[in-house]
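Visitor: Whatever this is, show me its structure:
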Amino acid sequence: MRVEKVHLENIRSHVETNVTFARGFNCLVGGLGCGKSSILYAIDFALMGDPMGRSYDYLLREGADIGKVAVEFTHGGKTYTIWRALRRREKGIGQDMEQLKLYEEDRLIASEKGEAVTEQLNAITGLDKELYREIVWVRQERLKELLDASPRERQKRLDELFGLSDYEAAWSGLAGLKKTYEGEKSAYERDLDVIGMGRLEAEYGKTVEEFSLIEADLGELRRRLAQAEKALNEAALRLQALEESRKQTEKLQRREAQLQANVVNLEDLCARLADEVERKNLLLAKIDERLRSLETEEKRHREKLREVRLKADQTAEELREYVAALENQVATIRGEQEAAKNESSAFERRISGLTAESRCPLCLQALDESYKKDLLERFQGESAERHRRLSELQKNLDELERLHSVVNTVVLSLQALSPQIEELRKRADEERESLERFSAEFASKQEEEKTFREQLHTVRMEIARFDLAELESAGKVREEAFLQHSEIKHRLENEERRKKDVALRMNELKERLDNAQKKVERMGRIERILDVIEGVRGVYRSIQPKLRSEFIAYLQRMVQQVLDELVGAAGPVLTVRVDETYSPVIKSEDGYERDVSNLSGGERTLLAFAYRLGLGQLITQSRTGHGLHMLLLDEPTESLGREDGSVDRLAESLSRLKAIEQIIAVTHSEAFAEKAEHVIRVQKEDDVSRVSIEE
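Guide: Down below sits the predicted model:
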């Protein structure tokens, strides 16, 4: 893993800062409090997420509500970028999870959920929080922490980092497990069923034999019960059929009474209907006789019309119209007759006047005798003609009056007879219709009476077939079958309860035997497990020192190699030996060994750095499968001076450490920074940190 770029917004004294790192030895240099270490804290926050203490107060710039950090790094040939942000809230400062994002190249691979991002980072880099903060990042004043610790504390801490403490924990855990298994085995050895397995087997055998005998008895009882149940069912079905027959007979008896009542009622109704039919026939005969009489009288009157040469089948309305026409003719003739009489009287007066005087009756002029004679003859002829006309008119009038009298008399008679005839005909039709209804009903009721009589006869025959004695006999047979069935069933239930009790006792014995057998088998397994536990504990007890020895040998070589590089050819020869507590001992050129407490400040710093670097390589290799690729150092020049060249040698040594891909060191020492391959200068003005890259 190698950090490429770091972006800070409102992180401690950094308002907005962008830092670019290179491969090899990078040095952040500047005065005290200028914001150098803040960049390392920002990297830690971006990668690990958790605060160094209880809160993020040490990170967010005072007065700012939001702070952001972005770290771009490469690993395995790929580039990754992680963004984290802080937000000030009422309850304090916390992460703004909405802005938490992890990119692989330009692809978002995790966001918003801290656990998902942490899991992805661990899968990519192999670094967890403990490994990063204990090995990768050597914080200020903690370089010599392991050297200053007591041997026991140092051994315990490094055993944990190397994973050797797991063997001690396993050895201790197996002791408790061994005690548990020994207690379980002791309990089994005192168990009564385990001790008395022979007695249990004998008792179980007797119970099985008893169970078999009960099974045989149950088989016989079930067979007899099936026969008794069959006989009971047959008797019950027979009795049920007879009971149904009895119920059917009772229904038939009720039907008989109903049919008898229906027959009696129909007999009475038929008698009443017969009387009504006879009465209707008599009444209809009287109506027909009266109707024939009126029709004869009507026919007689119509014969009078034939006598006067009129149609006899004319309706009363037509005859009335004819009478009205006759009356009009009579009135007309009488008018003509009156006019003729008046004209005749006028001619008589003219003739009288002409006879008495020889004057014209019209113009009153005198007439000669010849003309008077002709005129008289003419007047007399016209008078005779008028008398003849009057005679004809009177004759016609007499004829019309006679015809009018005959027709009018017929009309009056027909007007009186027609309503009576019509009424009688209507009444005759109604009476015939009523007679037909009564006759039809009479016939229907006779048929219904016949049907009821036939049904009554059939029902009485059905009733006669039922035998009450047969029903009583079937009841006795069913009762005997029920008693026999109940007795066998009771015996069967008792045997089944006995079987259940024996089966329960047999199962209990079987379960106790099985449990006892399992306990015996368990005891055998426990004995084998105890042997295995004892062997494993011995292995754990022996493997831990062996592994520790191997780790110590590798650590000693790594520390010696780094220390030689730090001291260089011009420095004193310092030989390192690491004992079983991981405590380094320095052997000088004169052969004397000195522990850490007897070293000078510079020697202690160089040894601490070599010790931490060796541990880092070893622990990283054992935990991740690869060496330490990146190292973060915060003020590593503690107790080193420019005069003795220790600062220069440390810087030169760091620049030569090719096994570590990238080193980022924070220092205020200009001499230390001079040896760096990539120098980043941090300055602070007006409480704001600014970064510049030195070429």
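
Visitor: CA atoms for contacts and neighbours, from now on please.
Guide: Noted.

Visitor: Does residue 298 touch residue 416 like I think?
Guide: No. Counting by C-alpha atoms under 8 Å, residue 298 sits too far from residue 416 to count as a contact (9.7 Å).

Visitor: ok, those two, which is more surrounded?
Guide: Between residue 298 and residue 416, counted using other C-alpha atoms under 10 Å, residue 298 has the larger neighbour count: 18 against 12.

Visitor: Let me see the mean pLDDT of the strand or helix carrying the more buried one.
Guide: Using DSSP states H and E, residue 298 sits in helix 197-307. Helix 197-307 shows a mean pLDDT of 87.

Visitor: report the angle between the axes of the helix or strand just after that helix and helix 197-307?
Guide: Counting by DSSP H and E, the next helix or strand C-terminal to helix 197-307 is helix 316-356. For helix 316-356 against helix 197-307, the angle by axes from the mean of the first three to the mean of the last three C-alpha atoms, to 10 degrees is 20 degrees.

Visitor: What segments of this protein are helices?
Guide: Secondary structure of the chain (DSSP state H): helices at 36-48, 114-125, 129-131, 145-148, 151-162, 165-189, 192-195, 197-307, 316-356, 369-465, 468-567, 601-624, 646-656, 670-674.

Visitor: export those helices to JSON lines and tack on distance to residue 691?
Guide: Putting the helices of the chain into JSON lines (distance: least, C-alpha to C-alpha, whole Å) gives the following:
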{"stretch": "helix 36-48", "distance to residue 691": "9"}
{"stretch": "helix 114-125", "distance to residue 691": "28"}
{"stretch": "helix 129-131", "distance to residue 691": "28"}
{"stretch": "helix 145-148", "distance to residue 691": "31"}
{"stretch": "helix 151-162", "distance to residue 691": "36"}
{"stretch": "helix 165-189", "distance to residue 691": "44"}
{"stretch": "helix 192-195", "distance to residue 691": "82"}
{"stretch": "helix 197-307", "distance to residue 691": "87"}
{"stretch": "helix 316-356", "distance to residue 691": "142"}
{"stretch": "helix 369-465", "distance to residue 691": "126"}
{"stretch": "helix 468-567", "distance to residue 691": "29"}
{"stretch": "helix 601-624", "distance to residue 691": "27"}
{"stretch": "helix 646-656", "distance to residue 691": "21"}
{"stretch": "helix 670-674", "distance to residue 691": "15"}
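
Visitor: closest to residue 587 out of those?
Guide: With C-alpha to C-alpha, the closest approach to residue 587 among those belongs to helix 468-567: 11.3 Å.

Visitor: helices and strands around that closest one, which ones?
Guide: Packing partners of helix 468-567 (3 or more C-alpha pairs under 8 Å, 6 or more residues apart in numbering; DSSP states H and E): helix 165-189, helix 192-195, helix 197-307, strand 575-578, helix 601-624, helix 646-656.

Visitor: chain center to it, what's the gap?
Guide: 42 Å (C-alpha atoms, centre = their mean, to the nearest Å).

Visitor: How about stretch 403-414?
Guide: 101 Å.

Visitor: Enumerate the positions of that stretch that are buried.
Guide: By neighbour count on 16 or more other C-alpha atoms under 10 Å, the buried set for stretch 403-414 is 403, 404, 406, 407, 408, 410, 411, 413, 414.

Visitor: Quickly check those residues for the two that are furthest apart.
Guide: It's 403 and 414 that sit farthest apart of the buried residues of stretch 403-414, by C-alpha to C-alpha, at 16.2 Å.

Visitor: what's the domain layout of the chain?
Guide: Following automatic domain parsing, the chain resolves into domains at 2-141+625-694, 302-445.

Visitor: Distance to residue 473 for those domains - can I get that in a markdown table?
Guide: Formatted as a markdown table, the domains of the chain follow (distance: least, C-alpha to C-alpha, whole Å):
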| stretch | distance to residue 473 |
| --- | --- |
| domain 2-141+625-694 | 91 |
| domain 302-445 | 45 |
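
Visitor: who wins for proximity to residue 221 among those?
Guide: The nearest among the domains of the chain, by C-alpha to C-alpha, is domain 302-445 at 66.7 Å.

Visitor: Figure out the length between the terminal residues of the closest one.
Guide: 48 Å (C-alpha to C-alpha, to the nearest Å).

Visitor: follow-up on the earlier one: nearest to residue 548, of the buried residues of stretch 403-414?
Guide: Using C-alpha to C-alpha, those come closest to residue 548 at residue 414, 157.4 Å.

Visitor: Next one: the closest one from residue 59, what distance?
Guide: Distance of residue 414 to residue 59, computed by C-alpha to C-alpha: 140 Å.

Visitor: try residue 23
Guide: 27 Å.

Visitor: which of the two has more neighbours?
Guide: residue 59 (22 against 16).

Visitor: Confirm for me that the more buried one is in contact with residue 9.
Guide: No. Counting by C-alpha under 8 Å, residue 59 does not reach residue 9; the two are 10.5 Å apart.

Visitor: Which residues are in contact with the nearest residue to residue 266 once chain neighbours are set aside?
Guide: Nearest non-adjacent residue to residue 266, counting by C-alpha to C-alpha, 6 or more residues apart in numbering: residue 449, 5.9 Å away. With contact set as C-alpha atoms under 8 Å, 6 or more residues apart in numbering, residue 449 has these partners: 262, 263, 266, 267.

Visitor: and residue 72, what does it touch?
Guide: Residue 72 makes contact with 3, 4, 5, 6, 79, 80, 81, 82, according to C-alpha under 8 Å, 6+ apart.

Visitor: Please tabulate those residues in JSON lines and include neighbour count and pLDDT as additional columns.
Guide: Shown next, in JSON lines, are the contacts of residue 72 (neighbours: other C-alpha atoms under 10 Å; pLDDT from 0 to 100):
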{"residue": "3", "neighbour count": "22", "pLDDT": "95"}
{"residue": "4", "neighbour count": "17", "pLDDT": "95"}
{"residue": "5", "neighbour count": "17", "pLDDT": "96"}
{"residue": "6", "neighbour count": "22", "pLDDT": "96"}
{"residue": "79", "neighbour count": "17", "pLDDT": "94"}
{"residue": "80", "neighbour count": "22", "pLDDT": "95"}
{"residue": "81", "neighbour count": "22", "pLDDT": "95"}
{"residue": "82", "neighbour count": "23", "pLDDT": "96"}
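
Visitor: Just give me the neighbour total for residue 582.
Guide: 26.

Visitor: Roughly how far does it sit from residue 600?
Guide: Taking C-alpha to C-alpha, one finds residue 582 at 20 Å from residue 600.

Visitor: same deal with residue 320?
Guide: 172 Å.
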